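Trainee: build the 3D model from these lines:
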Amino acid sequence: MECYRRRRVVALVAAIELECLRRRRDSGRRFWVHPVIANRQERGQFWALYANLRAHEDKFLDYTRMSIHSFDELLVLLSPHLQRRDTFMRDCIPPVERLVITLRYLATRQSLASLYFAFLIGKSTASMVVRETCVAIWDVLHPAVMAQPQEEDWLQIADLFLQSCNFPNCVGAIDGKHIRVKKPIRSGSQFFNYKKYFSFVLFAVCDANYCFRYIDVGSYGSSSDSAVLGHSAFGQMLNNNELDLPGNTTLPETTYPAMPFVFVGDEAFALGEHLMRPYSSR
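Mentor: Numbering: from 1, shown residues only. From the prediction side, this is the model:
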């Protein structure tokens, strides 16, 4: 039965690829793979450089912005999520090449067109590889690197703020950052912000070492920081006392009263029991 199912899947994949070939022929497309990017495994940047780069740690770091050891660890974690099957028409892009393409894109801010000529893969393929790899990185590393802090973690963050900033009972700094984007189709003014360009909002909570402890990405650029906080999972957990914050305690060198642990933000946020903001600039 398993063999029969496998044959059916293979036949279905072959039929789909033949239909794609027919549609490309009917649309006037001249090549299945353009001659400029043919022979990727012989002339592509990954296949030409990767083995030599691994022989020189400093050059590998310059190229990927990552040490060989860190790269190998990340590759082991991501490989099950990046592996694809070869087909009758072409070999799949292996996980190691997908990771190198993505790291190069993130490290250098290259355009998809430059990846097209450097790695000899289609622009749409490059876009898909970068997107899928970034999603895999987030899914795999998020629980380990940016897990929700527990009470002991909040206390350690508060100690760091007290030592570095002389600010007691502080467990994080919050703010929003506008990420400029092209106007999404049929979005109206939802992404148009007060700075007069289109954006979506990155909302973040950082500790005293400038490390992210929580992020929320994708809110409309027209939304205020306070609205972004209120709609985020973090803001809802904060309002419902679900963040496992430590109980109220007295400030250093005092015996009364017991004060809550707080996050600090700018004037864009509303004052709350666990949220401090400066006095109005007025």
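
Trainee: state the distance from residue 192 to residue 200.
Mentor: Computed with CB to CB, to the nearest Å, the distance linking residue 192 and residue 200 is 11 Å. Where C-beta positions appear, they are placed from N, C-alpha and C, glycine not excepted.

Trainee: shared neighbours, the two?
Mentor: The contact sets of residue 192 and residue 200 overlap at residue 221 (CB atoms under 8 Å, 6 or more residues apart in numbering).

Trainee: neighbour-wise, which of these two wins?
Mentor: Neighbours were counted for residue 192 and for residue 200 using other CB atoms under 10 Å; residue 200 has more, 20 against 16.

Trainee: which residues touch the more buried one?
Mentor: 178, 179, 181, 191, 217, 218, 219, 220, 221.

Trainee: mind running it again at 10 Å?
Mentor: Shown in contact with residue 200 (CB atoms under 10 Å, 6 or more residues apart in numbering): 177-181, 184, 190-191, 193, 217-221, 223, 228.

Trainee: quick one: the helices in the stretch 101-250 of the chain?
Mentor: Applying DSSP state H, counting those that start in this stretch to the stretch 101-250 of the chain gives helices spanning 112-119, 123-145, 151-165, 225-231, 233-239.

Trainee: pull out the buried positions in the first one.
Mentor: Residues of helix 112-119 classed as buried under the neighbour-count rule (16 or more other CB atoms under 10 Å) are 112, 115, 116, 118, 119.

Trainee: for residue 141, grab the count of nearby residues.
Mentor: Residues near residue 141, counting by other CB under 10 Å: 13.

Trainee: tell me the spacing between the residue nearest to it when sequence neighbours are not counted and residue 70.
Mentor: Closest residue to residue 141 apart from its sequence neighbours, by CB to CB, 6 or more residues apart in numbering: residue 77 at 7.4 Å. For residue 77, the distance to residue 70 (CB to CB) stands at 11 Å.

Trainee: ok, now residue 270?
Mentor: From residue 270 to residue 70 the distance is 41 Å (CB to CB).

Trainee: next: residue 237.
Mentor: Residue 237 is 31 Å from residue 70, where distance means CB to CB.

Trainee: same check on residue 203?
Mentor: 28 Å.

Trainee: got it, and residue 129?
Mentor: 20 Å.

Trainee: the more surrounded of these two?
Mentor: Using other CB under 10 Å as the criterion, residue 129 and residue 70 rank with residue 129 on top: 24 against 12.

Trainee: that one contacts residue 93, doesn't it?
Mentor: Yes. Using CB atoms under 10 Å, residue 129 is in contact with residue 93, at 6.4 Å.

Trainee: let's have the helices of the stretch 101-250 of the chain in CSV, adding distance to residue 61 and mean pLDDT.
Mentor: Below are the helices of the stretch 101-250 of the chain laid out as CSV (distance: least, CB to CB, whole Å; pLDDT from 0 to 100):
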stretch, distance to residue 61, mean pLDDT
helix 112-119, 19, 84
helix 123-145, 19, 90
helix 151-165, 29, 93
helix 225-231, 36, 90
helix 233-239, 34, 91
